[in-house]
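Chemist: Here is a sequence with its predicted model. Questions after.
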Amino acid sequence: MASSITVNGRTHSVDADGETPLLYVLRNDLKLKGARFGCGLGVCGACTVVIDGKAVQSCDISLAAVAGKRITTIEGIGGIGNMHALQRAFVAEQAAQCGYCTSGIIMTAYALLAHNAHPSETEIREALDGNLCRCGTHVRILRAIQRATEAVR
Amino acid sequence: MNAPRKLPGNLETNRTLDRWLRINRDGTVTVYTGKVEIGQGILTALTQVVADELDVALERVRLQPANTLSGPNEGITSGSRSIEESAVALRYACAEVRELLLQRAAAKLGDSLEKVTVADGVVTGPGGAVSYWEIADDDMLKREATAQTAPKPAAQHRYIGAALHRRDLPAKIAGVASYVQDMDLPGMLYGRVVRPPAYAARLTALDVAETQAMPGVVAVVRDGSFLGVVAAREEQAIRAARCLARCARWHNDTALPADMTPGEYLLRQPAADAVISEKSDAAVKQRGAMKLSATYTRPYIAHASMGPSCAVAQFEGGRYQVWTHSQGIHPLRREMAKALGVAADNLTITHADGAGCYGHNGADDVALDAALLARAVAGRPVQVQWMREDEFAWEPYGSAMLVKTSAELDAGGAIVDWQMDVWSYPHSTRPEGKDGVNLVAAWHLAQPKPAATPADPPLPGGGSHRNAIPLYDFPNQRVTNHLITHSPLRASALRALGAHANVFAIESFMDELAAAAGADPVEFRLRHLKDTRARAVIEAVAQKSGWTPGALSDGSRGRGIGFARYKNLGCYVAIVAEVDVEAELRVTRAWAAVDVGLVVNPDGVINQIEGGVIQAASMTLKEQVTFDRERVTSRTWDDYPVLKFTEAPQVEVTLVNRPDLAPVGAGEGSTGPTAAAIANAVAAALGARVRDMPITRERVIAVLA
């Protein structure tokens, strides 16, 4: 059954069951591999995308539930040649080790900055509490997000 | 005949120059390494070494992904050894290749070797200029390395020592497909496995009809108690696997111990005992005036990788192609060949990046899973990723441990006798077993291949006894390793191996002895330590953290120190941790001082230390694999919480650079010292000590009661 889905400003027709978690549609149908499978239960944040301005775990929401909504993925905010301020800040701070959690963290930060352009360190930490990082890159990630807010300012 | 010359690093085991690099006509250098990127930045560090020793621009260096067809066999990327083994080999290989190229260029130019210089691969002399790219050919490097050309002195380094950015990070930060999890081959199918409900459960009945009829299902695979599905779409594979699990009946003989914490269980197990260090000076021992003893424990700890393990496999014409984030593609190939009943030549294994693993997790296991499922759909590539529950329940954990210490102080506050006993299971069951197959699926096949007898890595690096021998100068000392062969839970290498618990014990006990001697913990350590590099990192961390001898706790905050030289032969790390015990027990800040000899990439070292400190804080304060009599019960992030952003400490790292000393790795050096620094900080804050990890709020309340 074909469904329609709008990702990064483009509308796609997808031949997948409406119950399919959004994550697999993004990764396997649209070939957008930036959101990653971490837990399948919406608790680790590796699959975070932004839906209508809100950070959402894409492993935990169905294709049917996102019909008509605006979905933004890491690929939609910038690429290697035209990075978003957040991505540039992550590179500048070398704010990754394995990088598997990075896309999800950047998307959570992207949603945060859209509502609060100048968050405090505490606000950034609280916003990221649903994103796990196992490599222990937390300090650099906090610095990178602060750097991005200063770049925007 | 003379024995072959001993060559530096892994040149010893991969002795020809063309095994390591190739000079290309297009102005690039291809570098082959058997070491793999696991988030530690090794490929960037290797590139820096190659560019400096060859005198070429960094951009010219191309690293080939490790694979079993070409390049050096460097065993396993583990033990913080990649700098010592691979970077050192490349340093000597490239220095020698540069010399060969200069000789050839000088001959071509009609100049003497002393008259030519090289910059970015262009050799210039009185006779003109010629580039590496014009004069190199394939035969030139088909020769055995001699390691007779000295690498450059530090003063001539341009890239080594520079905080260069990681070469792989822009793509990962941009969300570009980077991992084996992101591979997307034409015609690729998706597989999932259905593991038994417990270690020793056996499949007794299975109805496959319902699963086979599900949308997208291409194959249902059963081989003994190994079960899996292959489907056209990933979510279809997941649904089919859940259905198959419901349709399976198992007989479960698993009998796990009732209670292992805080570790008395280990003391009751039969163990192979070995005294691993003994020093005696009877005259000094007689001065003993006060005796202290203590027992420290650690539970099983999970690697808990963010990305569940994943592999892609394709079976065609009797041959397997496998893409994996294994840390050791050559050992994996041998092990998979045994499990699949084929010659190793029938398997080609290529490394692709995965999520950070921190040791032996499910990476190798899932490669066999993928091959077994691919065999059922010949010709089609199959990607298999473990579900989160598979990863938590089936990965091999870092071993539970128990350490007993006792020591005597003389009237002047000097340690005159030190006794330590370590109880642990072996710390490696990687796929390199001699008498079995260390891959989960192999144990469940109709023709099972049982696991190999677990092996503990030997000293001097050690496994259970890694860092069990204190670096301090004690006149009387006896350290005994009690190795228990068979762990009730699957156990293998986790970052730092036994060093986490051993350094936790040694350095906690040092603080207990310092308190008994009425001494400051920093001064007390220095009192017992001659090694100048050790003293330097302790002094540096004390200075940077503003350590104040005799500082009194305000009842909520405390600071503690921990120190070790990793494996007693790697990097030196001293940590000061600050904790706040007021509301939740939390590490607020940490300082690290680190000596890795020559620093190849300072930012890379700092990143590894920061990460090591935060991960060790997580392990030490929060982590514990749980189980009941039948099965592992910590199967989700809710059951196995790790440190969150609101809980992560600020970390400040100081590097003590020693450019004239050999470079060593940094990845695992901070784990043990951090655990001890936290325990000591908690004790400083409360005046009471928790000796069992994890140091939870409940345990703190219990010791205060």
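Modeler: The structure has been received and is ready for your questions.

Chemist: what's the helix or strand in which B:Asn502 is found packed up against?
Modeler: In this structure, B:Asn502 sits in helix B:499-517 according to DSSP states H and E. With contacts taken as 3 or more CB pairs under 8 Å, 6 or more residues apart in numbering or on different chains; DSSP states H and E, helix B:499-517 sits against strand B:290-298, strand B:401-409, strand B:415-424, helix B:521-527, strand B:557-565, helix B:602-622, helix B:671-686. Where you see a C-beta, it was placed from the backbone N, CA and C, and this is true even at glycine.

Chemist: how deep is the nearest residue to B:Ser280 once chain neighbours are set aside tucked in, by neighbour count?
Modeler: Sequence neighbours aside, B:Asn476 is the residue nearest to B:Ser280 in space, at 5.3 Å (criterion: CB to CB, 6 or more residues apart in numbering or on different chains). Counted by other CB atoms under 10 Å in any protein chain shown, the residues lying close to B:Asn476 total 19.

Chemist: Contacts only, for B:Asn476.
Modeler: B:Lys279, B:Ser280, B:Asp281, B:Val284, B:Lys285, B:Val416, B:Asp417, B:Trp418 (CB atoms under 8 Å, 6 or more residues apart in numbering or on different chains).

Chemist: Which single one of the residues you listed is nearest to A:Val25?
Modeler: B:Trp418 (61.0 Å; CB to CB).

Chemist: how much space between A:Thr108 and chain B?
Modeler: When distance is defined by CB to the nearest CB, to the nearest Å, A:Thr108 is 10 Å away from chain B.

Chemist: does that residue count as helix, strand or coil?
Modeler: Following DSSP: H, G, I helix; E, B strand; the rest coil, A:Thr108 is assigned to helix.

Chemist: Is it correct that it is in contact with A:Thr48?
Modeler: Yes. Counting by CB atoms under 8 Å, A:Thr108 does reach A:Thr48; the two are 5.3 Å apart.

Chemist: who touches both of these two?
Modeler: Common contacts of A:Thr108 and A:Thr48 (CB under 8 Å, 6+ apart): A:Ala55, A:Asn131.

Chemist: re the thing from before, nearest to B:Val573 among the helices and strands packed on helix B:499-517 would be which one?
Modeler: Of all these, helix B:671-686 comes closest under CB to CB, at 5.0 Å.

Chemist: Tell me if that closest one is near chain A.
Modeler: No. Under the criterion of CB under 8 Å from any CB of the partner chain, helix B:671-686 makes no contact with chain A; the nearest approach is 10.1 Å.

Chemist: buried residues in the following helix or strand past that helix?
Modeler: Per DSSP H and E, the first helix or strand lying C-terminal to helix B:671-686 is helix B:697-704. The neighbour-count check on helix B:697-704 (16 or more other CB atoms under 10 Å in any protein chain shown) flags B:Arg699, B:Val700, B:Val703 as buried.

Chemist: on that earlier part again, looking only at neighbour counts, state which of A:Thr108 and A:Thr48 leads.
Modeler: A count of neighbours by other CB under 10 Å puts A:Thr48 above the other of A:Thr108 and A:Thr48, at 31 against 25.

Chemist: which residues does that one contact?
Modeler: Neighbouring residues of A:Thr48 by CB under 8 Å, 6+ apart: A:Ala35, A:Ala55, A:Val56, A:Gln57, A:Ser58, A:Ser103, A:Gly104, A:Ile105, A:Met107, A:Thr108, A:Asn131.

Chemist: State the pLDDT value of the nearest residue to B:Thr405 once chain neighbours are set aside.
Modeler: In this structure, B:Thr405 finds its nearest non-sequential neighbour in B:Phe509, 4.5 Å apart by CB to CB, 6+ apart. On pLDDT, B:Phe509 comes in at 98.

Chemist: wait, doesn't B:Phe509 sit right on B:Ala407?
Modeler: Yes. At 6.9 Å, B:Phe509 and B:Ala407 qualify as touching, with contact defined as CB under 8 Å.

Chemist: Now do the shared contacts for the two.
Modeler: Contacts common to B:Phe509 and B:Ala407, judged by CB under 8 Å, 6+ apart, are B:Leu292.

Chemist: Out of the helices and strands in chain B, which is least certain?
Modeler: Within chain B, no helix or strand scores below helix B:264-267, which has a mean of 90 by mean pLDDT, DSSP states H and E.

Chemist: Following that helix in sequence, what is the next regular element?
Modeler: The element immediately downstream of helix B:264-267 (helix or strand, assigned by DSSP H and E) is strand B:272-279.

Chemist: How many residues are close by the spatially closest residue to B:Ala681 that is not a sequence neighbour?
Modeler: Spatial nearest neighbour of B:Ala681, excluding adjacent residues (CB to CB, 6+ apart): B:Gly560 at 3.5 Å. Per other CB under 10 Å, the neighbour tally for B:Gly560 reads 23.

Chemist: Distance check, the residue of chain B found nearest chain A against B:Val479.
Modeler: Chain A sits closest to B:Gly175 of chain B, with a gap of 2.6 Å, by CB to the nearest CB. From B:Gly175 over to B:Val479 the distance is 49 Å, taken as CB to CB, to the nearest Å.

Chemist: which one of these two has more residues nearby?
Modeler: B:Gly175 (28 against 22).

Chemist: Quick one: residues contacting the more buried one.
Modeler: If you count contacts by CB under 8 Å, 6+ apart, B:Gly175 has them with A:Leu32, A:Lys33, A:Gly34, A:Ala35, A:Thr73, A:Ile74, A:Glu75, A:Ser103, A:Ile106.

Chemist: how many other residues sit next to the closest residue to B:Gly379 other than its chain neighbours?
Modeler: Distances taken as CB to CB, 6+ apart place B:Glu316 nearest to B:Gly379, at 5.3 Å, with adjacent residues excluded. Number of residues near B:Glu316 (other CB under 10 Å) recorded here: 12.
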